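Enquirer: kindly generate the corresponding structure for this input.
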Amino acid sequence: MTQSLSVNLPHQPAIEVVGLSFAYPDGNHALRDVSFTVLPGEKVALVGPNGAGKSTLILHLNGILRPTAGTVRVHGLEVQDGNLKRVRALVGLVFQDPDDQLFCPTVFDDVAFGPLYQGLSEDQVRERVAEALAAVHMSEYGSRISHHLSVGEKKRIAIATVLAMRPEILALDEPTADLDPRARRGLIQLLRELPQTMLVATHDIRMVAELLPRTLIMDGGKIVADGPTEELLNNADLLAAHGLEK
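Expert: Coordinates of the predicted model:
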């Protein structure tokens with residue numbers, strides 16, 4: 001039964017995944033009985049080898065993919081047809097490739113797209129755009145052409161496009177991929193500043209160690225470990241068994 005409790009209730013899980021399984025049409029079982037809970041304000045890493053199911057899992061958080069079995073709830077709302085508009089306002093999904101999210105003529109248009117889709121007034125849209133660009137330290141970029149930006153700048157604008165929806169949760173897929181050291185460092189600092197609950201799928205173990213206090217390790221479509229980041233990253237045998245290294 002769908003719940004509709006206020007997202008402001010502190011005891012309400014931000015993300016609740018119960019018995020989630022998913023198979024692609026070709027028969028590939030990408031997720032197998034995945035269960036975990038993320039509380040409001042937590043910043044959680046999702047790590048594992050290629051093909052572990054990390055990206056597939058993230059795509060279930062706002063209904064892009066639908067479970068073969070099990071349930072996903074976001075602040076008590078089950079991710080299903082009747083709730084998708086509300087769920088997608090709660091969960092800001094940031095893809096690995098920012099070009100998958102930037103498709104408008106200018107940065108302003110890209111960041112304004114979500115609020116416009118929500119039916120906000122012109123003044124409200126401009127307020128949301130200004131707020132989101134300020135949050136990613138790109139306030140002067142509104143008139144720029146998104147596809148002329150560097151990869152690091154594009155990633156910040158991609159984050160701004162979801163911040164403009166004022167989400168409670170950010171789900172990020174490989175946010176530091178393809179960044180040079182300076183851009184990577186800047187993006188990590190940006191993520192540290194943001195107040196949202198976060199689930200971050202990544203191979204960047206150094207980022208995990210300094211930014212994300214809790215870690216989920218995935219392998220073969222399953223959660224094989226869930227605990228404090230420092231503890232898991234100091235378990236050399238556990239990391240080696242699942243294709244990871246500190």
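Enquirer: how about the worst-scoring helix or strand of the chain on mean pLDDT: buried residues?
Expert: Least confident helix or strand of the chain, by mean pLDDT, DSSP states H and E, is helix 84-90 with a mean of 93. By neighbour count on 16 or more other CB atoms under 10 Å, the buried set for helix 84-90 is Val87, Arg88, Ala89, Leu90. C-beta: built from backbone N, CA, C; applies to glycine.
Enquirer: from the chain's centroid, how far away is the very next helix or strand once past that helix?
Expert: As assigned by DSSP states H and E, the chain's next helix or strand after helix 84-90 is strand 91-94. Offset of strand 91-94 from its chain centre (CA atoms, centre = their mean, to the nearest Å): 5 Å.
Enquirer: strand partners (parallel or antiparallel) of strand 91-94?
Expert: Using DSSP bridges, the strands paired with strand 91-94 are strand 169-173 (parallel).
Enquirer: follow-up on the earlier one: counting contacts, what elements does the least confident helix or strand of the chain pack onto?
Expert: strand 77-78 (3 or more CB pairs under 8 Å, 6 or more residues apart in numbering; DSSP states H and E).
Enquirer: Val224 is in what secondary structure piece?
Expert: For Val224, the host element (DSSP H and E) is strand 222-228.
Enquirer: let's see that strand as CSV, backbone CA atoms only.
Expert: Taking C-alpha atoms only, strand 222-228 is exported to CSV below (Å, rounded to 0.1, in the frame of the first residue of the first chain):
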residue,chain,number,x,y,z
LYS,A,222,23.7,-8.5,-4.7
ILE,A,223,24.6,-6.4,-1.7
VAL,A,224,27.5,-8.4,-0.2
ALA,A,225,28.6,-5.9,2.5
ASP,A,226,27.0,-2.8,4.2
GLY,A,227,28.8,-0.9,6.9
PRO,A,228,31.1,2.0,7.9
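Enquirer: average model confidence for that strand?
Expert: For strand 222-228, mean pLDDT is 97.
Enquirer: need the contact partners of the following helix or strand past that strand.
Expert: Sequence order places helix 229-233 as the next helix or strand after strand 222-228, per DSSP H and E. Residues outside helix 229-233 that contact it (CB atoms under 8 Å, 6 or more residues apart in numbering) are 45, 205, 208-209, 212-215, 217, 225, 238-239, 246.
Enquirer: many thanks, we can stop here.
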